[in-house]
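**Student:** Return atomic coordinates for the entry below.
(chains A and B)
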Amino acid sequence: MNAPLVEARGLSKAYPKVHRNSDRLRALGRLLFRAGTGDRVSVLHDINLDVARGESLGLIGENGAGKSTLLKLITGVLTPSSGSVRVNGTIGALLELGAGFHPEYSGRDNIVMAAALYGLQGSELRELLPEIVAFADIGDYIDEPVKHYSSGMVVRLGFAVIASLKPDLLVTDEVLAVGDESFQKKCVRWIEDYLGGGGTLILVSHSMYHIQKLCRHACWLRGGRIEQYGDVFDTTQAYLAYHERKSVAVPDRAEIARAGHEFSVLGVELNGVDAEHPLPLEFGQTLRIGMRVRSREGRSPCLAVGIVRADGTPVYGVGSDMDGFTPQRVGTNEYHGAIEFTNLTLLPGSYAIRVHPLDPEGVRLFDTVERAIIVRGASREFGLVRLAHRWIGDARSEIDDA
Amino acid sequence: MSAAALTLRFFQRELRNRFSGSFSGGLWALFQPLIQLAVYAFVFVHVFKTRIPGADAPGYVPFLVTALWPWTAFSEAIVRSATSIQDNAALIGKVALPREILVVASVASSFAVHLTGFIAILIVLILAGKSIVVAGLVPAILLYIPLFALTLGLALLLSAVQVFVRDLVQALGQLMTLLMFAGPIFYDRTQFPENLRGWFDLNPFTFYAESFRALLLHYGTFDWTRFALALAIALIALLIGHRVFRRLDSHFEDFL
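**Tutor:** Numbering: from 1, shown residues only, chains lettered A, B, ... in the order given. Here you go, the predicted model:
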């Protein structure tokens, strides 16, 4: 029992390149006579992964990162090119849509077949069938051919079969996204019960909400390798930050003709650190931004500080003129100022701090320097910041009051 | 669940697949060969006036039936099962299962349908007073066993290769027609020019066609040496087919 449920060692998968028909023939010859491997496209490289019993692991990554291939290797549908994967238990898998349903047969027939494929037959199946049909909850469609189903119905049916089988390991590939709101809730509730009862889950999803809700750990695949593995909040935040950075064109520092500008930023320190890499912060920590600005004419600048989410959504911005603050002169043409955000209530995620010098009138903006911060922590709240709040009328305090 | 039980499920599914959508359902399996029989009887006996030479030769209809129905089982099983892996690509991509099952189920369903048809026709011929050797019925049915082994061996080989070479099944259709006319099915070996008769032995089905006639019509003799040889060929085909299938099996997903 102490052995992990899933053990992947040096797992790699490469697909043969088959552009032309003659490639297929050549591949056949090679396989029959065991001569070399030919041209291959590598999809997964050297994956080492242990999934313990009772674990819930989210697999995240861009399209084509190898998530589905990894799942298929784990379920045994694919054979690894090298390395090995062992699963010490029964697997229930919902790979993409359909779970191998046959379009010509009715939902009921497909349930019987799918259950048979998972090793269920005869009396066991007869007992479970009403339960499966009830869980799928697709009404009279159950006796219609599956080809007339909507994609949501197919997923309902597939999930209903898996749910009734209660496998040791549940593997699902982006299936929650297809069902409607109420079915999603039903699935999430079922998965939570299943995990509560000691089940093991590997979930592929592009919905960080589902991943964070259902998984304790997450594994970020990028280009067929594990980019990051660990706590679900850390990993999903790093992944989202990566996407946010990707979708924003990096502002080009070179385009700011420094010399010609009246004001330019010489340096920005976040909590005393002047570095390009993102500064990690804990939720609720204090953030102190120090700024040094050069003023060509020797006039005292206004300083503006903005906080934006990594994709550019503004969170907060403030200028020194608004608060009646004047930067200190530290050299002939150099000014210094600092701003402190005590008890920062930014929700966990990735943000950018932008610093701009403005003319003394606070009208013209001259330069922009951006620094990244990552707020760490586990929170399921939505949005950008935590607003001060309290709940009123709690059942327990009501009793206390009475 | 055991592989056998799973095979049975796929077998049942194959059968239902054939008859689903037809009103008569399973009855069609019996009607179709009878209609076919009526057509052959009319065309060959009344239009072409085909006769088998020889004093005690059987009528042409029993002569044809005893070889043509086993042949149909054989050739249809080969052609249909060649695509059995390819046709189940969706399933293979989603569920881990022993893939041989799909081929076995496909071959078995062809045999089940045509063996049923064969028995039905023989019964009709016996009732019609044709000279069928009733005692030969059971041995004839047993003869389907080595034929099944041979077919399954070829089917495993072909279905695996079909995954890689998609034009195989087209070529196979042509090849089976050629093989049908290059075997003693519509005519007897003795009706062929003497210098060409020996070539018939290269056709794996020749033994079966002639043996079915020997058992059911007492036309020719059942040769135990040739039976042993046919049995050996069937087992070798099964062995090779299975080995090739196993070797290619783990790569199906990459090429489907």
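
**Student:** Count the residues that sit near the residue lying closest to A:Ala65 once chain neighbours are set aside.
**Tutor:** Distance criterion Cβ to Cβ, 6 or more residues apart in numbering or on different chains; nearest residue to A:Ala65, sequence neighbours excluded, is A:Leu221 at 4.3 Å. Placement of C-beta: from N, CA and C, glycine included. When counting by other Cβ atoms under 10 Å in any protein chain shown, one arrives at 24 neighbours for A:Leu221.

**Student:** Now find how far off-centre the one helix or strand A:Leu221 maps to is within its chain.
**Tutor:** Counting by DSSP states H and E, the element that carries A:Leu221 is strand A:217-222. Per Cα atoms, centre = their mean, to the nearest Å, the displacement of strand A:217-222 from the mean C-alpha position of its chain is 8 Å.

**Student:** Next: stretch A:174-189.
**Tutor:** For stretch A:174-189, the distance to the chain centre is 18 Å (Cα atoms, centre = their mean).

**Student:** And it, what's buried?
**Tutor:** If you call a residue buried by 16 or more other Cβ atoms under 10 Å in any protein chain shown, then stretch A:174-189 has these buried ones: A:Glu174, A:Val175, A:Leu176, A:Val178, A:Gly179, A:Phe183, A:Gln184, A:Lys186, A:Cys187, A:Val188.

**Student:** go on, stretch B:51-71?
**Tutor:** Within stretch B:51-71, judged by 16+ other Cβ under 10 Å, the buried ones are B:52, B:58-71.

**Student:** ditto for stretch B:170-180
**Tutor:** B:Leu172, B:Met176, B:Leu179, B:Met180.

**Student:** Which pLDDT value belongs to residue 75?
**Tutor:** Assuming you mean chain A. pLDDT recorded at A:Thr75 is 88.

**Student:** Wait, chain B was what I had in mind.
**Tutor:** With respect to pLDDT, B:Ser75 scores 94.

**Student:** Hmm, B:Met176 and it touching each other?
**Tutor:** Yes: counting by Cβ atoms under 8 Å, B:Met176 is a contact partner of B:Ser75 at 4.3 Å.

**Student:** Show me what the strand holding A:Leu221 is packed against.
**Tutor:** Applying 3 or more Cβ pairs under 8 Å, 6 or more residues apart in numbering or on different chains; DSSP states H and E, we find strand A:217-222 packed against strand A:56-61, strand A:225-231, helix A:232-247.

**Student:** Show me what the mean pLDDT comes to for the last one.
**Tutor:** Going back to what we said before, that points to helix A:232-247. Average pLDDT, helix A:232-247: 82.

**Student:** which parts of chain A sit against chain B?
**Tutor:** Chain A comes close to chain B at residues A:15-16, A:18, A:21, A:24-25, A:27-28, A:31-32, A:72, A:75-79, A:91, A:93, A:95-96, A:98-100, A:102, A:104-105, A:112-114, A:116-121, as judged by Cβ under 8 Å from any Cβ of the partner chain.

**Student:** can you do 6 Å?
**Tutor:** For chain A, the contact set with chain B under Cβ under 6 Å from any Cβ of the partner chain comprises A:15-16, A:24-25, A:28, A:31, A:75-79, A:95, A:99-100, A:116-117, A:119, A:121.

**Student:** which ones among those residues are found in strands?
**Tutor:** Of the positions in those, A:Tyr15, A:Pro16 sit in strands, assigned by DSSP state E.

**Student:** Go through the residues of chain A next to chain B and flag which are in helices.
**Tutor:** A:Arg24, A:Leu25, A:Leu28, A:Leu31, A:Thr75, A:Ala116, A:Leu117 (DSSP state H).

**Student:** My guess is A:Val77 contacts B:Arg99. True?
**Tutor:** No: with contact defined as Cβ atoms under 6 Å, A:Val77 does not count as touching B:Arg99 (10.8 Å).

**Student:** Could you confirm whether stretch B:248-255 reaches chain A?
**Tutor:** Yes: using Cβ under 6 Å from any Cβ, we find that stretch B:248-255 touches chain A at B:Leu248, B:Ser250, B:His251, B:Glu253, B:Asp254.

**Student:** In contact with the second one, which residues?
**Tutor:** So that's B:Ser250. A:Thr79 (Cβ atoms under 6 Å, 6 or more residues apart in numbering or on different chains).

**Student:** Do you know the pLDDT at it?
**Tutor:** Predicted confidence (pLDDT) for B:Ser250: 84.

**Student:** Could you verify that A:Lys13 is part of a helix?
**Tutor:** No: if the criterion is DSSP: H, G, I helix; E, B strand; the rest coil, then A:Lys13 is strand and not within a helix.

**Student:** give me every residue that touches the nearest residue to it once chain neighbours are set aside.
**Tutor:** Spatially, and ignoring its direct neighbours in sequence, A:Lys13 is nearest to A:Leu44 (4.5 Å; Cβ to Cβ, 6+ apart). Contacts for A:Leu44 (Cβ under 6 Å, 6+ apart) come out as A:Ser12, A:Lys13, A:Gly66, A:Thr69, A:Gly224.

**Student:** And the helix or strand hosting B:Arg16, what's buried?
**Tutor:** If you go by DSSP H and E, B:Arg16 is part of helix B:3-19. Neighbour-count burial for helix B:3-19, counted by 16+ other Cβ under 10 Å, picks out B:Leu6, B:Thr7, B:Leu8, B:Arg9, B:Phe10, B:Phe11, B:Arg13, B:Glu14, B:Leu15, B:Arg18.

**Student:** do stretch A:371-388 as well
**Tutor:** A:Arg371, A:Ala372, A:Ile373, A:Ile374, A:Val375, A:Arg376, A:Gly377, A:Leu384.

**Student:** Using PDB, write out every CA atom in that stretch.
**Tutor:** The C-alpha trace of stretch A:371-388 is given here as PDB (Å, rounded to 0.1, in the frame of the first residue of the first chain):
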ATOM      1  CA  ARG A 371       9.000  45.600 -12.000                       C
ATOM      2  CA  ALA A 372       7.200  42.300 -11.400                       C
ATOM      3  CA  ILE A 373       6.000  41.000  -8.100                       C
ATOM      4  CA  ILE A 374       4.400  37.600  -7.200                       C
ATOM      5  CA  VAL A 375       2.100  37.500  -4.300                       C
ATOM      6  CA  ARG A 376       2.100  34.000  -2.900                       C
ATOM      7  CA  GLY A 377      -0.500  32.300  -0.800                       C
ATOM      8  CA  ALA A 378      -3.500  30.000  -0.900                       C
ATOM      9  CA  SER A 379      -6.700  31.800  -1.400                       C
ATOM     10  CA  ARG A 380      -9.800  31.000  -3.400                       C
ATOM     11  CA  GLU A 381     -11.100  34.500  -3.400                       C
ATOM     12  CA  PHE A 382     -11.800  36.100  -6.700                       C
ATOM     13  CA  GLY A 383     -10.600  39.300  -8.200                       C
ATOM     14  CA  LEU A 384      -7.500  41.400  -7.600                       C
ATOM     15  CA  VAL A 385      -7.600  42.600  -4.000                       C
ATOM     16  CA  ARG A 386      -9.100  41.600  -0.800                       C
ATOM     17  CA  LEU A 387     -11.600  44.300   0.200                       C
ATOM     18  CA  ALA A 388     -12.100  44.800   3.900                       C
END
